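S.K.: need a structure here:
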Amino acid sequence: MVARLFDAIFGCRHSHYSFPVTIRGRGRRPQAGALTGTYVACLDCGREFPYDWQEMKVITSQSETRQYRAALAHKQTA
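M.R.: Next up, the predicted model:
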């Protein structure tokens, strides 16, 4: 909890991202890329975020992540 507060005050704002990277094959799959198959990295701190090519946006919030997981589960069952 203290670390989260420290990051909120002094942490990275994640305002500079790399170009989206799409994962191909069965090589190393970063956790961020496992959700959509594409991810971006913050150029300041190195943290990776899922990226949605259809919407052309970075998925940063937990609620968006849950929505994408639910949609992915729905697609897999159909």
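
S.K.: Could I get the CA-only coordinates of the lowest-mean-pLDDT helix or strand in the chain as CSV?
M.R.: When each helix and strand of the chain is scored by mean pLDDT, DSSP states H and E, helix 2-10 comes last, with a mean of 73. Extracted as CSV, the C-alpha positions of helix 2-10 are listed here (Å, rounded to 0.1, in the frame of the first residue of the first chain):
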residue,chain,number,x,y,z
VAL,A,2,2.8,2.4,0.8
ALA,A,3,4.5,1.5,-2.5
ARG,A,4,1.3,2.3,-4.4
LEU,A,5,1.0,5.7,-2.7
PHE,A,6,4.6,6.4,-3.4
ASP,A,7,4.1,5.6,-7.1
ALA,A,8,1.0,7.8,-7.2
ILE,A,9,2.9,10.8,-6.0
PHE,A,10,6.4,10.3,-7.5
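
S.K.: following it, which helix or strand comes up?
M.R.: Toward the C-terminus, helix 2-10 is succeeded by strand 21-22 as the next helix or strand (DSSP states H and E).

S.K.: what about that next one, distance to the chain center?
M.R.: Relative to the centre of its chain, strand 21-22 is centred 11 Å away, using Cα atoms, centre = their mean, to the nearest Å.
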